[in-house]
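Would you be able to build a 3D model of this:
(chains A and B)
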Amino acid sequence: MRANWNDAPEGFHPASAPDFLPLPQLRQVQLQRLQAVVRRAYEHQKLFRQRMEERRLTPASVKRLEDLGQLPFTVKADLRDTYPFGLFASPMEEVVRLHASSGTTGKPIVVAYTQSDIDVWKEVMVRSFAACGVHRCDVIQNAYGYGLFTGGLGAHYGAEALGATVIPISGGNTERQLMVMQDFGVTVICSTPSYFLHLLERAKEAKLDFGRLRTGVFGAEPWSDAMRDRIQQESGVRAQDIYGLSEIIGPGVGVECLNQKGLHLFEDHFLPEIIDPETGKVLPDGSEGELVLTTLSKQAMPMIRYRTRDITTLLPEPCACGRSIRRIRRVARRSDDMFIIRGVNVFPSQVETALLRVEGTLPHYEIVLTREKGLDQMEVRVEVTPEIFSDKIGALEAVHRELEEALEQVLGIRVHAVLVEPRSVARSEGKAKRVIDRRNV
Amino acid sequence: MEVAQISIFLENRSGGLADIVDVLARNGIDIKALTLADMSDFGILRLIVEDPERTRKVLKDGGFTVEKTRVVAVEVPDRPGGLSDALHALRGKGINIEYMYSAARKSGERAIIVLRVDEVGKAAEALQGAGVAVLDRLDKI
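Residues are numbered from 1 along each chain as shown, chains lettered A, B, ... in the order given. Sure, this is the predicted structure:
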């Protein structure tokens, strides 16, 4: 009998078995799945087939894992250009779920799942939780947003499949989060790291501790080891990094084990490559570059060589935990200008779409990111042009309101718009620096 | 019968107002009347000056967002109820006042009020019809 009802059961979770496959067997599984998924994409994705034909390639060209390097890339713009359903490889009757995430301009990108895709997602989330030492006796407070965002439901299904108790509290309402955490005996929380910092600040103000909370599974935005140290020291909670993106599946593409030395990729489902973001050439393990992922088992929306734009390193050394699946270093920056605020992906081009909608022409603007009491804030500073200026307060306020509404519509989150005097925004020679990040992540 | 007003956008930062006034001082521009509308994030400074067109230009060249607007200036007796007659005249014609402010002047005789309305011509007519003195320039006050 365990001393405490949420003490860990002994041994590894059976779902984690693929984490420990001997390498030859893992490569064999990868090759078989790669050949099948390339065939599927070739048969059902017009865009992929076209690009294969341009290169005089067929699915039969993939004889070894190394042949992956010849195949065409898929990029985020492909999802936008084929919006909404152009890359689906399953008929709608087999699609059981749609999610969406922000695109580079006004329209979101849509991703689809068959039942088998949902099952794979559940599996990798169970393996993620298990790698973080989370188990079926845990009480998990899921503070990722539920909805079109993949974070909420992804973590939810995984936590349920693990057999844990899930509290689907979603994001926001800090007071209630802290109350539930205390009253329900929460042992694990899932949220963005910045939101947890916010909870930490508020708990300190209210002189509350975190009760039985033991582990946080934090993802959906970049964070640093310094931030981990701060969280772990101040809260006593083990802070684990989880990685994922909607285009590939959502959370559960990779996760840290208890050694916290890089994130293991579930490479029996997601085959990684590191490329030079400039030339597109594949780099050897151990080099820093852009992470490219191929979904090996996705049905509804296979992604062949999807360019994540995340800059990292594939670590070749085996991990002390015994997992054979490789690790990537924590993602700290990107090869494009995307940034993440409160778990939501934002491109400056989206902000421009909103400004253009209101003003007709693009004003000088800059985006300032700050962190107040652990919570990310985004401010769009817009120079007042003669076109929108008026001597009437009401008219200027209306423009201000329209700007904030257009930004919320395009970005899906509320941000502050601030009207500033002309020439307040620094002019730069060449490419304008649009984003000023003062968050110290 | 109308007077031009210069409006300038002001962001909420210390020294913002001083920057504008400095430009006016350097260019020898005398302020006849002014009002500052302030919101939490920004403000609008409105000025009545001697030479509105030159003022607009020097401020614009100084990097400010400036607008020239037509307003109505009236002279009313400086006593209780002095303003009331003028406003009654506008109400009678259904003319809405966006905002108004008074100009600096020696007290005791007549007061000068600047009115911002949508239909400047119609407002001036209504005021004159009611016997209110409408000014066509403010440089002599």
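
thought A:L419 was touching A:T385?
No: assessed by CB atoms under 8 Å, A:L419 is found out of contact with A:T385, at 10.0 Å. No exception for glycine: its C-beta is placed from N, CA and C like everyone else's.

who's more crowded, those two?
Higher neighbour count among A:L419 and A:T385: A:L419, with 25 against 16, using other CB atoms under 10 Å in any protein chain shown.

Now do the same contact list for the more buried one.
Residues in contact with A:L419 (CB atoms under 8 Å, 6 or more residues apart in numbering or on different chains) are A:382-384, A:396, A:399-400, B:9, B:11, B:41-42.

Identify the bridge partners of it.
Beta bridges link A:L419 to A:V382 when assigned by DSSP bridges.

Distance-wise, check it relative to A:V166.
When distances are taken as CB to CB, to the nearest Å, A:L419 and A:V166 turn out to be 44 Å apart.

Now the element after the strand or helix carrying A:Y157, going C-ward?
Using DSSP states H and E, A:Y157 maps to helix A:150-162. Sequence-wise, the next helix or strand downstream of helix A:150-162 (DSSP H and E) is strand A:165-167.

Pairing partners for that next one, with directions?
Partner strands for strand A:165-167, per DSSP bridges, with pairing direction: strand A:139-142 (parallel).

Neighbours of the closest residue to A:S335 other than its chain neighbours, how many?
Leaving aside its sequence neighbours, A:S335 sits nearest to A:P277 (CB to CB, 6 or more residues apart in numbering or on different chains; 4.0 Å). Residues near A:P277, counting by other CB under 10 Å, number 17.

Ok, B:E109 next?
Neighbours around B:E109, by other CB under 10 Å: 10.

What of the one 3 residues further on?
Using other CB under 10 Å, B:I112 has 22 neighbouring residues.

helix/strand/coil for the residue nearest to A:S335?
What DSSP: H, G, I helix; E, B strand; the rest coil gives for A:P277 is coil.

Verify the stated contact: it with A:D310.
No: applying CB under 8 Å, one finds A:P277 not in contact with A:D310, separated by 10.1 Å.

who touches both of these two?
With CB under 8 Å, 6+ apart, A:P277 and A:D310 have common neighbours A:290, A:335.

Can you give the domain ranges for chain A?
Listed by automatic domain parsing, the domain ranges of chain A are A:14-335, A:344-437.

now these as JSON lines including mean pLDDT?
As requested, the domains of chain A are exported to JSON lines (pLDDT from 0 to 100):
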{"stretch": "domain A:14-335", "mean pLDDT": "95"}
{"stretch": "domain A:344-437", "mean pLDDT": "87"}
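
okay, these, which one's buried deepest?
Per-stretch averages of neighbours, counted by mean count of other CB atoms under 10 Å in any protein chain shown, single out domain A:14-335 among these, with a mean of 19.

Could you report the distance from the residue nearest to A:S424 when sequence neighbours are not counted to A:F196?
The shortest distance from A:S424 to any non-neighbouring residue, by CB to CB, 6+ apart, is to A:E383 (6.2 Å). Shown here: A:E383 relative to A:F196, a distance of 36 Å by CB to CB.

and what of A:N440?
On the measure of CB to CB, A:N440 and A:F196 end up 16 Å apart.

need the strands for chain B, in chain order.
B:3-11, B:31-38, B:42-49, B:66-77, B:97-102, B:110-117, B:133-135 (DSSP state E).

Need the domains of chain A in TSV (columns: distance to B:V3).
Output for the domains of chain A, formatted as TSV (distance: least, CB to CB, whole Å):
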stretch	distance to B:V3
domain A:14-335	45
domain A:344-437	13
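
Point out where chain B drops to low pLDDT.
The model of chain B has pLDDT under 70 over residues B:1-2, B:104-108, B:138-141.

How many residues are close by the closest residue to chain A within it?
Residue of chain B nearest chain A, by CB to the nearest CB: B:S7 (3.5 Å). As a burial measure, B:S7 scores 25 neighbours (other CB under 10 Å).

mind listing what it touches?
Residues near B:S7 by CB under 8 Å, 6+ apart: A:389-391, B:44-47, B:66-69.

Which parts of the stretch 51-200 of chain A are strands?
Taking DSSP state E, counting those that start in this stretch, the strands of the stretch 51-200 of chain A run over residues A:95-101, A:109-114, A:139-142, A:165-167, A:188-191.

Just want the angle from the first one to helix A:150-162.
Computed by axes from the mean of the first three to the mean of the last three CA atoms, to 10 degrees, the angle separating strand A:95-101 from helix A:150-162 equals 140 degrees.

Show me what from chain A comes close to chain B.
Counting by CB under 8 Å from any CB of the partner chain, chain A comes close to chain B at A:384-386, A:389-394, A:396-397, A:400, A:418-424.

again, only using 10 Å
A:381, A:383-397, A:400, A:416-424 (CB under 10 Å from any CB of the partner chain).

check which helix or strand covers the closest residue to chain B within chain A.
In chain A, the residue found nearest to chain B is A:D391; the distance is 3.5 Å by CB to the nearest CB. Using DSSP H and E, A:D391 falls within no helix or strand.

which residues touch residue 63?
The chain I'm using is chain A. A:K63 is in contact with A:31, A:35, counting by CB atoms under 10 Å, 6 or more residues apart in numbering or on different chains.

meant chain B, my bad for not saying
B:G63 makes contact with A:421-424, B:19, B:23, according to CB under 10 Å, 6+ apart.

Let's see that with 7 Å instead.
Counting by CB atoms under 7 Å, 6 or more residues apart in numbering or on different chains, B:G63 makes contact with A:422-423.

Please apply the same query to the one 3 residues further on.
For B:V66, the contact set (CB under 7 Å, 6+ apart) comprises B:6-8, B:56, B:59-60.

now A:L71
Shown in contact with A:L71 (CB under 7 Å, 6+ apart): A:57, A:304-305.

ok, now B:I48?
B:3, B:5, B:32-33, B:103, B:114, B:138.

re earlier: what's across from the residue of chain B closest to chain A in the sheet?
B:R46, B:E67.

all helices of chain A, in order?
Residue ranges of the helices in chain A, as given by DSSP state H, are A:23-44, A:46-54, A:76-81, A:115-131, A:150-162, A:174-183, A:193-205, A:225-235, A:348-359, A:393-411.

could you say what helices and strands the shortest one packs with?
What that stands for is helix A:76-81. strand A:109-114 (3 or more CB pairs under 7 Å, 6 or more residues apart in numbering or on different chains; DSSP states H and E).

For the strand it packs on, which strands pair with it and how are they oriented?
Per DSSP bridges, strand A:109-114 is paired in its sheet with strand A:95-101 (antiparallel).

and the partner strand, how far out from the chain's middle?
With CA atoms, centre = their mean, to the nearest Å as the basis, strand A:95-101 stands 15 Å off its chain's centre.

ok, residues contacting stretch A:174-182?
Counting by CB under 7 Å, 6+ apart, A:141, A:143, A:167, A:169, A:186, A:198-199, A:202-203, A:206, A:208, A:210-211, A:213 sit against stretch A:174-182.
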